[in-house]
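Participant: Structure for this input, please:
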Amino acid sequence: MNRYVDKFLSYLDIEKNYSPHTILNYKLDLEEFFKITENIPVEKIEYFQLRKYLVQLRSKEYKPRSLARKLSSLRSFFKFLQREKFIKNNPAPLLTTPKLDKKLPNFLSEAEMVNLLEVAPTDKEAGRRDRAILETLYSSGLRVSELVGLNVEHVDFISNMVKVMGKGKKERLVPIGDQALKAIKDYLEHRKHKSPIVFLNKNGSRLSAKSVCDITHKYIKLTSVNRNISPHVLRHSFATHLLNRGADLRSVQELLGHVNLSTTQIYTHITTERLKNVYDKAHPRA
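Facilitator: Sure, this is the predicted structure:
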């Protein structure tokens, strides 16, 4: 059975271009499944075993989103096995996914965002780096993984663009504002370590995603925003402010690197006030 799992994980990596983090989650989900089903041979697994597995997961009080991901891992795995003719019948299609509530994105107001961007001191290297990080996250809407993966060659200071490696190892070009570029340039010119990597830790190595989270929390505490803010909130704020100022959903989808428009549509709930204003101005009977 390990050989089936290995083949499946190779397929996710080579053909589907999934990220290492996503592949690891699939691997852990499948290992848990086979442990619970007591390593029944793949060819003999039926819908009954899948139902038993689902019941045990629910007894562990997993959240609906975690359950949905684990079931998605199983569906993908058995679909792959059937496609490759390792099994004749796929037992997974009848599994029902728990209903998920759409989690509305948390975001900062424009005023709160300005306060956060300006709180980092720029008289020392660490402060210059942190200001550049916050400016870049908000200016371009990058994921933290995309931000920490940036190299200097990826930043075009002339055309105001950055090249990022997004989910599924897909490259995309994203505009970046003058303020963010100015902050990056200031940091690069004053840091002691010369490196092809944009954001470095104190040892001169690539900054980790966890460090970016810690940096964000540090400066949030220094502002008047009394909320538990993650770096992803800067991405949410980026999308929200664009939509509030009239950007169309398709453009925001491309900027965020979303494959499906439905992922971007979650942001439209916060643009209701803007839509009301458009309606009041445009409709003759408003």
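
Participant: How about the contacts made by the closest residue to E171 other than its chain neighbours?
Facilitator: In this structure, E171 finds its nearest non-sequential neighbour in M165, 5.8 Å apart by CB to CB, 6 or more residues apart in numbering. All C-beta spots, glycine's among them, are computed from the backbone N, C-alpha and C. Contacts of M165 were listed using CB atoms under 8 Å, 6 or more residues apart in numbering, and they are E146, G149, E171.

Participant: Please name the residues that touch the last one.
Facilitator: E171 is in contact with K163, V164, M165, counting by CB under 8 Å, 6+ apart.

Participant: returning to that earlier point: got phi/psi on the residue nearest to E171?
Facilitator: With angles defined as degrees, to the nearest 10, M165 sits at phi -100, psi 110.

Participant: Output the contacts of M165 in TSV, with pLDDT, distance to K16 and secondary structure appended to each entry.
Facilitator: What follows is the contacts of M165, written out as TSV (pLDDT from 0 to 100; distance: CB to CB, whole Å; DSSP: H, G, I helix; E, B strand; the rest coil):
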residue	pLDDT	distance to K16	secondary structure
E146	93	19	helix
G149	93	19	coil
E171	86	16	strand
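
Participant: Dump the residues you listed to CSV, plus distance to G127.
Facilitator: Converted to CSV, those look like this (distance: CB to CB, whole Å):
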residue, distance to G127
E146, 23
G149, 23
E171, 31
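
Participant: Name the nearest of the contacts of E171 relative to S59.
Facilitator: Using CB to CB, M165 is the member of the contacts of E171 that sits closest to S59, with 39.4 Å.

Participant: any idea of the pLDDT on the closest one?
Facilitator: With respect to pLDDT, M165 has a value of 87.

Participant: in the stretch 151-286 of the chain, what spans have low per-residue confidence?
Facilitator: Within the stretch 151-286 of the chain, the stretches with pLDDT under 70 are 224-228, 269-275, 277, 286.

Participant: now the helices for it?
Facilitator: For the stretch 151-286 of the chain, the helices defined by DSSP state H, counting those that start in this stretch cover 178-190, 209-221, 232-244, 249-256, 261-264, 272-282.

Participant: Centre-most residue in the chain?
Facilitator: Taking CA atoms, centre = their mean, the centroid of the chain lies closest to R143, which sits 5.4 Å from it.

Participant: number of nearby residues for the closest residue to that one other than its chain neighbours?
Facilitator: Closest residue to R143 apart from its sequence neighbours, by CB to CB, 6+ apart: R235 at 6.6 Å. Using other CB atoms under 10 Å, R235 is surrounded by 22 other residues.

Participant: Now for R235: which residues touch it?
Facilitator: Shown in contact with R235 (CB under 8 Å, 6+ apart): L137, G141, L142, R143, L256.

Participant: Look up how far S230 lies from the fourth one.
Facilitator: Going from R143 to S230 by CB to CB, to the nearest Å gives 11 Å.

Participant: With Y4 instead?
Facilitator: 36 Å.

Participant: next one: N151
Facilitator: For N151, the distance to S230 equals 24 Å [CB to CB].

Participant: And E38, by the same measure?
Facilitator: Separation of E38 from S230 (CB to CB): 39 Å.

Participant: out of these two, which sits in the busier spot?
Facilitator: In terms of neighbours (other CB under 10 Å), S230 is the more surrounded of E38 and S230; the figures are 15 against 7.
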